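J.: structure for this input, please:
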Amino acid sequence: MQDFPLAVSTGEYGVADIEPKASPQELRRWWLRNTITPRFYPYIVKRVREELTWDGLRKFYFQLARREDLRDVADPTKPRLFMVELTQQFSICWPDLPSTAPRATDKHPYGFLMLSADWEDSVNAQLGSTLNVTTLRESGKKWPVAASNKKLLRALSEDAALKDLPLLEVLNQIMLSLR
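T.: The predicted structure is shown next:
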């Protein structure tokens, strides 16, 4: 089990760790990007591999940096890997900044990955009593801060006009409506 100080949030882009790092200890500040979307929590992860499927899906396999000692249930000689699909699973994983792990390389495999409570619930169900992954979140505010407003989340999820728009256009319309 890796033991290193929790990374904290910062609203200052210039002091945030916005690039993947060679070790998890180098990740000290995640960028508290100001935007609206479902709530996500920061995790420091190690990129293990990626797969691009024939239909353009980007499968991202990673380990939780604070628990790289977790082993695969089927083969205890292998590490426990988690997978998210970066091009379609926006409800469980945010693939762009403040997430930095999707840009990780073999030389710099550690980064932040913003994961939702739905991801946490799913993983906790798989792990049983072995571990509660919420204990591995980095510190600071959740991102985005306004996502805790249940009425706002419900309104966004029920707005049929937004469902057929690209994600960035939806975010832009939401931000404009909040001014």
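
J.: center of this structure, which residue is that?
T.: Ranked by distance to the mean C-alpha position of the chain (Cα atoms, centre = their mean), the top residue is residue 114 at 1.8 Å.

J.: tell me who's in contact with it.
T.: Going by Cβ atoms under 8 Å, 6 or more residues apart in numbering, residue 114 touches 40-43, 93-94, 98-99, 143. Placement of C-beta: from N, CA and C, glycine included.

J.: from those, list just the buried residues.
T.: Buried by 16 or more other Cβ atoms under 10 Å: 40-43, 93-94, 98-99, 143, out of these.

J.: what comes up buried for the longest strand along the chain?
T.: Criterion DSSP state E: the longest strand present in the chain is strand 41-52. In terms of neighbour count (16+ other Cβ under 10 Å), strand 41-52 has its buried residues at 41-47.

J.: can you lay out the residues you listed as CSV showing pLDDT?
T.: Output for those, formatted as CSV (pLDDT from 0 to 100):
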residue, pLDDT
41, 88
42, 91
43, 93
44, 94
45, 95
46, 96
47, 96
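
J.: where does the chain have low pLDDT?
T.: Applying pLDDT under 70 to the chain flags the ranges 1-2, 34-38, 140-179.
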